[in-house]
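Chemist: coords please:
(2 chains)
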Amino acid sequence: MNIFQGETLSWHVLDGTIELTLDRAPCNEIGRATLADLEKFIAALPALQRDANALIINSTRKEGFCAGADLRETYRVAQPLPKDERLAGLRDFLERIHHVMNTLDEAPLTSIAAVHGVTFGGGFELALACDLIIADKMTRFCFPELRLGLIPGFGGIPRLKRDLGNAVVRDLLLTGRSINAAKAQSVGLVSQVTAEGDALRVARSTAAQLKKFDRGTAVAAKKFIKPIPYDELRREIEIFCDLFMRPAVDASLRKFVESTDALPYLP
Amino acid sequence: MNTIDKTTDEVLRLAAEHFKVQRDQLSPGDDFFKKLGINSLQALDLLTRIEQHFQIELPDYELQGVSDFRTLAQRIQSRL
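Modeler: Presented below is the predicted three-dimensional model:
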């Protein structure tokens, strides 16, 4: 299936590059519908890879790449459930999204996240699963989860630790502050910063360069350079589940969902 | 080094330019959320433009409770 149009995303293959485009209002929040479409994508990936050696993930939403998990849906679904069912539902979601992220992370092609605007939480984690991040200069990266009494749950901490120095990881996680593209490049997170609105064009140009190389060599290099931190990813799920079941998180989520504040992420 | 008046003026000019309002319609004491009609995501956009223009880092938590241009300019001034 070289072309797909889902409820929340689409993909196509063009000149040896797969382009996966997120498109769900308001800012590609990852809930059950996006997860289901991402699962369709990774199921199709083995066939797509036969015709492609690069993958670009991008967004059509003007607000940004992805604002992270759909917290409103999370709260709405979890809130009426008894505790054990709530935990089981959460764990199932996390296992599934981790499977998606791990598959993208280790895919035998070079993946590029072409990001702009809001790249928060789960959106940041999706970008971290890619091999390269190319960011429009208006991009902001953030892990706001501590503001809700949580940690990132889609593999963000182990992947951030893999890629950056621990002091930077602590700064981003423990303060929950957002950083711009220039700062992200200065700490080694972003490979290229582009003019506003130019990330996808630069990602396509980079993908065209990748095609000049031997595919087998690129796959071997990636496997050697980019280990998947499976043990830490498992631990992250456990820690997230423990934290999520605390009453304080329930209260934070309720406050967030019901908030009409201009900056609901800020405690 | 910018004075606080110059910084405030530059913030007002940036906001007017980006959110397509007349510069003379904005005053230092205005609530920028109301005056510009912007949401939290657009406020982040303004923050990025401010960081780029002044070549500073301004953590978003420093903007907690800040809604007028004058106070925003003071936060910027403390990073220059």
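
Chemist: what's A:I228 sitting at in phi/psi?
Modeler: As for A:I228, its main-chain torsions (degrees, to the nearest 10) stand at phi -90, psi 120.

Chemist: relative to A:D250, how far out is it?
Modeler: According to C-beta to C-beta, to the nearest Å, A:I228 stands 32 Å off from A:D250. Every residue, glycine included, has its C-beta placed from N, CA and C.

Chemist: and what of B:A15?
Modeler: Using C-beta to C-beta, B:A15 is found at 38 Å from A:D250.

Chemist: chain neighbours aside, what residue packs nearest to the residue in chain A that chain B sits nearest to?
Modeler: Using C-beta to the nearest C-beta, the single residue of chain A nearest to chain B is A:R177, 4.3 Å away. Distances taken as C-beta to C-beta, 6 or more residues apart in numbering or on different chains put B:P59 closest to A:R177, at 4.3 Å, once the chain neighbours are dropped.

Chemist: give me every residue that touches the one you found.
Modeler: Counting by C-beta atoms under 8 Å, 6 or more residues apart in numbering or on different chains, B:P59 touches A:175, A:177-178.

Chemist: can you pick the most crowded of those residues?
Modeler: Top of those by neighbour number is A:S178, holding 25 neighbours under the definition other C-beta atoms under 10 Å in any protein chain shown.

Chemist: next, the closest residue in space to that residue that isn't next to it in sequence: phi, psi?
Modeler: Excluding its sequence neighbours, the residue lying closest to A:S178 (C-beta to C-beta, 6+ apart) is A:C142, at 3.6 Å. Phi and psi for A:C142, reported as degrees, to the nearest 10, are phi -160, psi 140.

Chemist: what's the answer for A:S178, then?
Modeler: When quoted as degrees, to the nearest 10, the phi and psi of A:S178 stand at phi -100, psi 150.

Chemist: coming back round to it: okay, B:A15 and A:D250: which has more neighbours?
Modeler: B:A15 (22 against 16).

Chemist: tell me the mean pLDDT over the host helix or strand of A:E95?
Modeler: Taking DSSP states H and E as the definition, one finds A:E95 inside helix A:83-106. The average pLDDT for helix A:83-106 rounds to 96.

Chemist: for chain B, tell me whether the following helix or strand past it is touching it.
Modeler: Following the chain from helix A:83-106 toward its C-terminal end, the next helix or strand by DSSP H and E is strand A:110-115. No. In terms of C-beta under 8 Å from any C-beta of the partner chain, no part of strand A:110-115 sits within range of chain B; the closest distance is 13.0 Å.

Chemist: show residues contacting strand A:110-115.
Modeler: If you take C-beta under 8 Å, 6+ apart as the criterion, strand A:110-115 is touched by A:53-59, A:64-65, A:104, A:123, A:126-127, A:129-136, A:139, A:199-200, A:202-203, A:206-207, A:210, A:218, A:222.

Chemist: tell me where the chain has helices.
Modeler: Going with chain A. If you assign secondary structure with DSSP state H, the helices in chain A sit at A:32-48, A:71-78, A:83-106, A:122-128, A:156-163, A:166-175, A:181-186, A:199-210, A:215-225, A:230-244, A:247-258.

Chemist: chain B was what I was after
Modeler: Ranges of helices in chain B, per DSSP H, are B:4-18, B:32-36, B:40-54, B:69-77.
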